[in-house]
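[1] predicted model and sequence follow; I will ask about them next.
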Amino acid sequence: MIKDDRNYHQRLQEFCDCYLETDPKKELERAAQGNSGDPSGNPDELALKFLGLGIFYGAAEKAKKISFERSKEGKVLFSVESRGKYQLPSPGAQVADRIIFIARSITHIDEAKGKEPVSFGLRNDRINLTFQFDRKKSGEVFSILFPKL
């Protein structure tokens with residue numbers, strides 16, 4: 001077996017780069033149905049794909065933020081705040097858990113609340129995002145804040 005030394009941040013950027021020429025909303029709908037495109041079945045691959053597509057979709061829509069809200073009961077909402085607030089198909093509880101784990105790993109935030117800037121390279125450009133976390137008794141919210149574009 002070949003060891004993969006790439007970190008989550010690098011792999012996330014690679015997913016965004018890979019899907020840059022696609023329709024992110026259609027790809028998010030496929031990912032919400034569990035289609036990772038990874039034959040190995042690695043749970044991180046679907047989480048990275050969904051997170052990358054969410055970032056790409058948010059940037060394309062000039063969103064203020066996107067959020068993954070996971071309740072203690074396992075209900076997951078994926079919302080976009082752009083020209084109004086609306087819901088997109090959610091990734092499901094297991095994938096949302098991996099998304100939040102990966103985002104926390106990228107920022108090294110273990111506390112219940114916190115936020116950290118993340119510079120995100122997209123081909124020959126970059127976007128500066130803010131990853132924000134809020135863990136409560138009722139569940140957890142992970143948001144990505146976008147700069148004003």
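    Looks like it arrived, so ask away. Numbering: from 1, shown residues only.
[2] alpha carbons only for contacts and neighbour counts from here, please
    Fine.
[3] ranges for the helices of this structure?
    Defined through DSSP state H, the helices belonging to the chain, from first to last, are 8-18, 24-32, 43-60, 93-107.
[4] does anything pack onto the third one? Which helices or strands?
    Translated: helix 43-60. Under the contact criterion of 3 or more Cα pairs under 8 Å, 6 or more residues apart in numbering; DSSP states H and E, the helices and strands touching helix 43-60 comprise helix 8-18, helix 24-32, strand 65-71, helix 93-107.
[5] for these, which one sits closest to Arg135?
    Across those, the minimum distance to Arg135, taken as Cα to Cα, is reached by strand 65-71, at 9.5 Å.
[6] what angle separates the closest one from helix 93-107?
    120 degrees (axes from the mean of the first three to the mean of the last three Cα atoms, to 10 degrees).
[7] nearest spatial neighbour of Lys72, chain-adjacent residues omitted?
    The shortest distance from Lys72 to any residue other than its chain neighbours is 4.8 Å, reached at Gly139 (Cα to Cα, 6 or more residues apart in numbering).
[8] to clarify, my last question referred to Gln13.
    Ranked by Cα to Cα, 6+ apart and with sequence neighbours excluded, the top spatial neighbour of Gln13 is Gly121, at 6.4 Å.
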